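1. Return atomic coordinates for the entry below.
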Amino acid sequence: MRTILYLIRKEFIQIFRNRFIGKAIFAVPVVQMLILVPAVTFELRNVRVSVIDRDRSVESTALVNKLEASTFFMISGETFSEEEGAALLHRDKTDMVLNIPRGFGENIIKGTPATVMASVNAINASSAQLTWAYLNGVLSDYNLNIMAGKAGALMPVTGSGIVVSNRYWYNELLNYKYYMLPGILGILVTAIGFLLAGLNLVREKEIGTIEQINVTPVKKYQFITAKMVPFLIIGIVDLIIGLLLGKLAFDIPFEGSIALLFLCTAIFLVAVLGMAIFISTFSDTQQQFMFIAFFILIVFILMSGIFTPLESMPLWARKVDLINPVAYIMRINRMVMLKGSGIADVGRDILSLLAIAVFFTVLAVRQYKKRS
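-> Here you go, the predicted model:
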């Protein structure tokens, strides 16, 4: 144990001897949280709409006004030419062209079906789907107003019907900052632990200081443990910084157990650090490690569920995620912070993280070769 403590002390001295790395370890979380949390959102605002209103009736004007009153749409211009509308879409000057044909208002007055045509720029499929969903919502509300007006004209409404009110659990205001911050915390801890731990070992190979350790009676498990512990502590400290910043800057709620979150993060960090050190054992240069690490990080983060729900992924992708530690910590962070989930709710994820941590740590110890 004394040997491991001396080696850990040596690692801390080596890490903070580099002033840039020492400052970056604690500055990066602050910058990352302040930029990414408010910037990364799935909400769509100010969709630019060009209107082709051939009807020019009270009903068509009411529809355009309803679109403009929505928080999602912004009327960017009007035209009477379909060719000009298509050209605006082609030049990316508008996001949607709404074509209201002649007879639109007359059909509504007669009670016959009235149609409009919406052309949506679908280069970004997600934005196009959201735009279409928002437009359907506005049109549905417009239809309800028309039917209510006709019903009121024929028969005065004397009683109230069924009132439907929506209730969203765990994030009642649908604030995307609440949803994104736990995910950003997972990415932050991953990047700090994975990159710095691996680069630290490879750098010792490059400058030759690792040879001095290899000729000593230090055992492999002692060496690997000493490499992991400093970055485990740094990762926990970065998590504390992220949580404090989330509360002070964004008023992020925390419904669950802080001890459970730290326990899960510690297990997750052991898994990530074991994986990083395993990769660094067969990387001879920092460039080699960075290339492999960049590929793995991109795959793990994009498949973690931070942007795309895991349930919507194909079956083969969900099977790949069984060995993706970032997917587990992403789910644990959101469940503990937003839902107040306990250890029984995330127990399966904890066991999976524990299995990955043991597997890659043992693999790193076995793979590391002491060469004098």
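2. tell me the contacts of the spatially most central residue of the chain?
-> Per Cα atoms, centre = their mean, the C-alpha nearest to the average position across the chain is that of Ile306, at 3.2 Å. Neighbour list for Ile306: 180, 183-184, 186-187, 330 [criterion: Cβ atoms under 8 Å, 6 or more residues apart in numbering]. Where you see a C-beta, it was placed from the backbone N, CA and C, and this is true even at glycine.
3. low pLDDT regions in the stretch 1-150 of the chain?
-> Within the stretch 1-150 of the chain, the set of residues satisfying pLDDT under 70 comprises 149-150.
4. quick one on the thing from earlier: between the contacts of Ile306, which has the most around it?
-> Gly186 (28 neighbours; other Cβ atoms under 10 Å).
5. any idea how far Ile35 is from that residue?
-> 16 Å (Cβ to Cβ, to the nearest Å).
6. and what of Val28?
-> Distance of Val28 to Ile35, given as Cβ to Cβ: 11 Å.
7. Look at these two and report which has more neighbours.
-> Of the pair Val28 and Ile35, Val28 is the one with more neighbours under other Cβ under 10 Å, namely 15 against 11.
8. for the more buried one, what are its contacts?
-> Counting by Cβ under 8 Å, 6+ apart, Val28 has contacts 188, 191-192.
9. most surrounded residue in these?
-> Ranking these using other Cβ under 10 Å puts Ile192 first, with 24 neighbours.
10. Find the helix or strand that it is a member of.
-> Under the criterion of DSSP states H and E, Ile192 resides in helix 176-207.
11. in that helix, what counts as buried?
-> Going by neighbour count (16 or more other Cβ atoms under 10 Å), the buried part of helix 176-207 is 177-205.
12. Repeat that for stretch 238-254.
-> Buried positions in stretch 238-254, judged by neighbour count with 16+ other Cβ under 10 Å: 238-239, 241-243, 245-246, 250, 252-253.
13. could you give me the average pLDDT of that stretch?
-> On average, the pLDDT along stretch 238-254 is 89.
14. when you give positions from now on, start the count at 38
-> Right, with 38 as the first residue, what we last looked at is stretch 275-291.
15. Only C-alpha atoms, please: export that stretch in PDB.
-> This file holds the C-alpha atoms of stretch 275-291, laid out as PDB (Å, rounded to 0.1, in the frame of the first residue of the first chain):
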ATOM      1  CA  ASP A 275     -14.700  18.100 -12.000                       C
ATOM      2  CA  LEU A 276     -18.100  16.500 -11.300                       C
ATOM      3  CA  ILE A 277     -18.400  18.600  -8.200                       C
ATOM      4  CA  ILE A 278     -17.500  21.700 -10.200                       C
ATOM      5  CA  GLY A 279     -20.000  20.800 -12.800                       C
ATOM      6  CA  LEU A 280     -22.800  20.200 -10.300                       C
ATOM      7  CA  LEU A 281     -22.100  23.500  -8.500                       C
ATOM      8  CA  LEU A 282     -22.000  25.400 -11.700                       C
ATOM      9  CA  GLY A 283     -25.200  23.800 -12.900                       C
ATOM     10  CA  LYS A 284     -27.000  24.800  -9.700                       C
ATOM     11  CA  LEU A 285     -25.600  28.400  -9.600                       C
ATOM     12  CA  ALA A 286     -25.800  29.200 -13.300                       C
ATOM     13  CA  PHE A 287     -28.800  27.200 -14.500                       C
ATOM     14  CA  ASP A 288     -30.700  26.300 -11.300                       C
ATOM     15  CA  ILE A 289     -30.600  22.600 -12.300                       C
ATOM     16  CA  PRO A 290     -32.800  20.500  -9.900                       C
ATOM     17  CA  PHE A 291     -31.200  17.500  -8.100                       C
END
